[in-house]
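Engineer: Quick one: sequence and predicted model below, then my questions.
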Amino acid sequence: MSNSQFAYPVAPERAAALGEIHARPYALLGPDRLIFQLAFMMEGGSIVHHAVISDLSRARGIAPPEQNARYHALAWGQGTLRWERHTEFSTFFWDGPLPPAFGGDVSPHPFGDGFSPPGTLISAIRLEIRGDGDDARNALSAFDPASLCHSEVEKGQATVLTDFRQDGNGLTQMLLVDHGLSAARRGALAQRLLDIETYRTLAMLGLPLAQQLSSDIRRIEDGLADITRRMKDNARDEADAILYEITGLAAELEANAAFSLYRFGASRAYDGIVSERIQALEEMPVSGAETLGSFLGRRLAPAMRTCQAVEERQANLSRKLSRATGLVRSWIDVELERQNSDLLAAMNRRAEMQLRLQQTVEGLSVAAISYYVIGLVGYVLKALSHDLLPVDPAVATGAAVPVVVITVWWIVRRIRRRHIA
């Protein structure tokens with residue numbers, strides 16, 4: 001079969017859609033490995049994060065990633081440093097050999113004094129993968145019993161322990177006890193645990209904003225309640241002032257809603273990812289300890305409900321402000337219609353007065369024009385000789401008066417009708 005048979009024009013989005021399936025490859029991890037993963041927020045943009053991984057690559061004699069790359073890996077010491085770019089953060093993942101004791105010092109690793117963070121740190125994890133033995137059992141004492149999460153995963157082929165607390169270096173400690181996982185399953189399970197810690201931290205970013213906005217929403221609700229009481233008493237007298245106040249409250253509410261829209265949406269998405277990762281673990285509880293799912297469920301769910309409640313309060317308050325604004329505007333429209341009616345009545349009165357004045361002026365103008373025309377007729381008649389005009393000029397002038405007046409009146413009336421038409 002010739003390859004040219006399928007050489008059709010390709011949609012521009014096809015490569016990106018196909019590549020997304022392989023965008024996050026799991027690391028193939030051997031037994032007894034230590035993993036550090038740091039997540040940094042992307043406040044300065046992706047260029048800064050790309051510059052950091054590019055500098056690290058050049059320092060190791062490796063070509064830097066392309067400008068639009070989302071994933072890059074390079075050898076570092078006895079392990080591998082992997083960088084991954086996300087929407088609002090990027091992660092630096094390094095795996096290396098285990099120290100003799102759980103939580104012991106490791107050297108060298110990429111995150112020493114020479115590492116330049118690309119942004120603010122949002123998540124830092126230390127995950128140790130150990131085989132089932134004395135070292136793993138002794139590590140149990142390193143966790144806080146009050147918040148210990150201990151469960152079996154992968155159908156009993158692994159055990160997970162963590163207390164979601166940070167050690168002296170600010171790292172959340174996790175222990176994965178390997179009972180016989182393959183390299184692929186070991187890497188997939190490690191990635192799920194790292195995602196749970198990273199995304200549950202990111203999901204919680206919406207809670208401080210929700211708490212901050214709650215006080216603003218309460219103040220706007222109190223302001224709306226005060227305005228509605230005033231509307232009940234004397235809304236017609238204060239309609240303009242009330243509309244101004246409602247508009248101010250609505251503008252503040254919409255600004256807060258626009259500011260929180262992305263954060264609350266991101267928190268929901270991150271919470272969904274955490275739920276998916278926990279569900280994929282298929283945890284089986286160990287007697288006397290909580291599972292990761294139950295521990296995080298009791299802490300994440302209230303925070304997510306708080307964010308949802310704030311969003312719903314914003315939406316309900318926006319609808320109430322819209323109804324109040326519409327009511328005030330209806331009163332203002334009624335008042336404007338009344339004022340317009342009064343204005344039209346006044347204009348009608350002025351038009352009637354102008355009409356009467358115009359009729360008066362017309363009468364005066366007929367008399368004035370007739371006077372001048374009769375004067376001209378008199379001059380003409382006086383200039384004629386007695387042979388041409390057998391009648392006395394004064395008599396002829398007097399006889400011409402009614403004819404001139406009627407003619408001038410008819411001409412003026414015709415001109416006025418023509419203008420009206």
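Structural biologist: Yep, that arrived. Residues are numbered from 1 along each chain as shown.
Engineer: Mind listing the strands the longest strand anywhere in the chain pairs with, and their directions?
Structural biologist: Longest strand of the chain, by residue count under DSSP state E: strand 121-131. Sheet pairing here is set by DSSP bridges, and for strand 121-131 it gives strand 33-41 (antiparallel), strand 172-178 (parallel).
Engineer: Looking at those, spot the one closest to residue 403.
Structural biologist: strand 33-41 (102.6 Å; CB to CB). C-beta here means a position set from N, CA and C on the backbone, and glycine is covered the same way.
Engineer: re earlier: how about the strands paired with strand 121-131 in CSV, adding mean pLDDT?
Structural biologist: Below are these laid out as CSV (pLDDT from 0 to 100):
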stretch, mean pLDDT
strand 33-41, 95
strand 172-178, 94
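Engineer: Residue 105 looks like it's in a strand, true?
Structural biologist: No. Checked against DSSP: H, G, I helix; E, B strand; the rest coil, residue 105 lies outside a strand; its state is coil.
Engineer: Please enumerate the helices of this protein.
Structural biologist: 14-20, 46-59, 134-138, 183-203, 206-234, 239-281, 292-383, 393-420 (DSSP state H).
Engineer: nearest to residue 168, of the ones you listed?
Structural biologist: Short answer: helix 183-203, nearest of the helices of the chain by CB to CB, at 17.6 Å.
Engineer: and that closest one with helix 292-383, angle?
Structural biologist: For helix 183-203 against helix 292-383, the angle by axes from the mean of the first three to the mean of the last three CA atoms, to 10 degrees is 50 degrees.
Engineer: Export the strands paired with strand 121-131 as CSV, with columns for mean neighbour count and distance to residue 154.
Structural biologist: CSV is the format used below for the strands paired with strand 121-131 (neighbours: other CB atoms under 10 Å; distance: least, CB to CB, whole Å):
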stretch, mean neighbour count, distance to residue 154
strand 33-41, 22, 16
strand 172-178, 23, 9
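Engineer: how is this protein carved up into domains?
Structural biologist: 25-182, 206-341, 348-420 (automatic domain parsing).
Engineer: Out of the strands paired with strand 121-131, which is closest to residue 251?
Structural biologist: When the strands paired with strand 121-131 are compared (using CB to CB), the closest one is strand 33-41, at 29.3 Å.
Engineer: Can I get the closest one as CSV, trimmed to CA atoms?
Structural biologist: Output of strand 33-41 as CSV, limited to C-alpha atoms (Å, rounded to 0.1, in the frame of the first residue of the first chain):
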residue,chain,number,x,y,z
ARG,A,33,13.6,5.9,44.8
LEU,A,34,13.3,9.3,46.4
ILE,A,35,11.2,11.9,44.6
PHE,A,36,11.1,15.7,45.1
GLN,A,37,8.4,17.7,43.3
LEU,A,38,8.1,21.4,43.6
ALA,A,39,5.3,23.4,42.0
PHE,A,40,5.7,27.1,41.3
MET,A,41,3.0,29.6,40.4
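Engineer: that older thread, identify whichever of the helices of the chain lies nearest to residue 115.
Structural biologist: helix 46-59 (8.0 Å).
Engineer: Which elements pack onto the closest one?
Structural biologist: Helices and strands in packing contact with helix 46-59 are listed as strand 71-76, strand 79-85, strand 89-97; criterion 3 or more CB pairs under 8 Å, 6 or more residues apart in numbering; DSSP states H and E.
Engineer: ok so, going back, okay, the helices of the chain in TSV with distance to residue 124, mean neighbour count and mean pLDDT next?
Structural biologist: Formatted as TSV, the helices of the chain follow (distance: least, CB to CB, whole Å; neighbours: other CB atoms under 10 Å; pLDDT from 0 to 100):
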stretch	distance to residue 124	mean neighbour count	mean pLDDT
helix 14-20	27	10	75
helix 46-59	16	17	92
helix 134-138	22	14	83
helix 183-203	9	21	94
helix 206-234	19	15	87
helix 239-281	17	17	90
helix 292-383	18	14	82
helix 393-420	90	13	76
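Engineer: Can you lay out these as JSON lines showing distance to residue 83?
Structural biologist: Conversion of the helices of the chain to JSON lines gives the following (distance: least, CB to CB, whole Å):
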{"stretch": "helix 14-20", "distance to residue 83": "17"}
{"stretch": "helix 46-59", "distance to residue 83": "4"}
{"stretch": "helix 134-138", "distance to residue 83": "30"}
{"stretch": "helix 183-203", "distance to residue 83": "14"}
{"stretch": "helix 206-234", "distance to residue 83": "26"}
{"stretch": "helix 239-281", "distance to residue 83": "20"}
{"stretch": "helix 292-383", "distance to residue 83": "26"}
{"stretch": "helix 393-420", "distance to residue 83": "86"}
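Engineer: and of those helices, who's closest to residue 161?
Structural biologist: Short answer: helix 134-138, nearest of those by CB to CB, at 8.6 Å.
Engineer: hang on, the earlier thing: out of the strands paired with strand 121-131, which gets nearest to residue 405?
Structural biologist: Nearest of the strands paired with strand 121-131 (CB to CB): strand 33-41, 97.9 Å.
Engineer: And for the closest one, what's in contact with it?
Structural biologist: For strand 33-41, the surrounding residues in contact (CB atoms under 8 Å, 6 or more residues apart in numbering) are 29, 49, 79, 88-99, 106, 109-111, 117-129, 171, 190, 194, 198, 201-202.
Engineer: out of the residues you listed, which are buried?
Structural biologist: 29, 49, 79, 89-96, 98, 106, 109-111, 118-119, 122-129, 171, 190, 194, 198, 201-202 (16 or more other CB atoms under 10 Å).
Engineer: hang on, the earlier thing: dump the helices and strands packed on helix 46-59 into TSV; add mean pLDDT and distance to residue 293 as well.
Structural biologist: Below are the helices and strands packed on helix 46-59 laid out as TSV (pLDDT from 0 to 100; distance: least, CB to CB, whole Å):
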stretch	mean pLDDT	distance to residue 293
strand 71-76	91	29
strand 79-85	92	25
strand 89-97	94	23
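Engineer: Mind putting those strands into CSV with distance to residue 373?
Structural biologist: Converted to CSV, the helices and strands packed on helix 46-59 look like this (distance: least, CB to CB, whole Å):
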stretch, distance to residue 373
strand 71-76, 105
strand 79-85, 99
strand 89-97, 99
